[in-house]
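*Asks:* would you be able to build a 3D model of this:
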Amino acid sequence: MTDSATSRGAGRTSPPATGNDQFEAAYRGTARAGGMLAELPWDIGGPQPVVVRLAAAGAFHGDVLDVGCGTGDHTLHLASLGHCVTGVDFALSAINTALAKQRERGLRASFSVADACELDGYEAAFDCVLDCGLLHSLPVERRASYLWALRRATRPNAVAHILCLTDRTPPHGTLQPLPEEELRGLFGSSWRVEALTPETLIGRRSGQPTTLPCWHLTARRLD
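*Replies:* All right, here's what the predicted structure looks like:
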């Protein structure tokens, strides 16, 4: 059982934008009071219901990557079901919280500090990917690097489950929701889109739960 955060490859790289610093501050509890990230609006204290449903339906298999895992609720949920799962996040504070949860629950999982747009040290390592809320948080100019990193980190025929906000949610700060055509286009070259369906993510706003429309894209890696 992992009990410390690890960095892969050459370690964490300097973020090209301020978004990563903002997320680190949010997880550390030092984000600007009243700011959108201050209350960790995506952290609902457990796995997203849509991820629970996907897991129950057998969507995950083999070695699983939970990319942008945050404080580890999805990683640990999948681990509790017997999956071999690795959670990665750029924010060290998030990974430290995930490790504390893991120790408390006594589950087997791996956690690592890693840049999702590089995933250094992970090559042909995973059969399945879960991205719950990361893609729409990336700067637009880093999306192509993210897709390339996912391809390099996965094995042939790997399946990715991407949960990202639809363009019914307006852009705000670090959030850049995606219209259907743009999402399909991102995965159109090195992945085959097998399904794209509307779903719902649960968030928090001013301490109250809120629902957010999202896409669930299922894509299979092309050889």
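*Asks:* so residue 178 sits against residue 168, correct?
*Replies:* No: using C-beta atoms under 8 Å, residue 178 is not in contact with residue 168; the gap is 10.8 Å. Backbone N, C-alpha and C define where each C-beta goes, glycine included.
*Asks:* neighbour-wise, which of the two wins?
*Replies:* Between residue 178 and residue 168, residue 178 has the larger neighbour count (other C-beta atoms under 10 Å), namely 23 against 11.
*Asks:* give me the pLDDT value at the more buried one.
*Replies:* Residue 178 is assigned 93 on the pLDDT scale.
*Asks:* got the phi and psi for it?
*Replies:* Dihedral pair for residue 178: phi -120, psi 130, per degrees, to the nearest 10.
*Asks:* identify the spatial nearest neighbour of residue 83, chain neighbours not counted.
*Replies:* residue 64 (5.3 Å; C-beta to C-beta, 6 or more residues apart in numbering).
*Asks:* who's in contact with the host helix or strand of that neighbour?
*Replies:* Assigned by DSSP states H and E, residue 64 belongs to strand 63-67. In this structure, residues lying in contact with strand 63-67 by C-beta atoms under 8 Å, 6 or more residues apart in numbering are 72, 74-75, 78, 83-88, 116, 119, 122, 125-132, 134, 150, 153-154.
*Asks:* which members of those are classed as buried?
*Replies:* 72, 74-75, 78, 83-88, 116, 119, 122, 126-132, 134, 150, 153-154 (16 or more other C-beta atoms under 10 Å).
*Asks:* just the buried residues of stretch 175-183, please?
*Replies:* Those would be 175, 176, 177, 178, 183, for stretch 175-183 by 16+ other C-beta under 10 Å.
*Asks:* what is the three-state secondary structure of the closest residue to the third one other than its chain neighbours?
*Replies:* In this structure, residue 177 finds its nearest non-sequential neighbour in residue 165, 3.8 Å apart by C-beta to C-beta, 6+ apart. Following DSSP: H, G, I helix; E, B strand; the rest coil, the label given to residue 165 is strand.
*Asks:* ok, now how distant is residue 165 from residue 186?
*Replies:* Distance from residue 165 to residue 186, counting by C-beta to C-beta, to the nearest Å: 14 Å.
*Asks:* give me the below-cutoff pLDDT ranges for this protein.
*Replies:* Scanning the chain for pLDDT under 70 picks out the ranges 1-20, 23-42, 172-173.
*Asks:* now do the contacts for the closest residue to residue 180 other than its chain neighbours.
*Replies:* Of all residues not flanking residue 180 in the chain, residue 196 sits nearest, at 6.6 Å (C-beta to C-beta, 6+ apart). Listed by C-beta under 8 Å, 6+ apart, the contact set of residue 196 reads 180, 183, 184, 215, 216, 217, 218.
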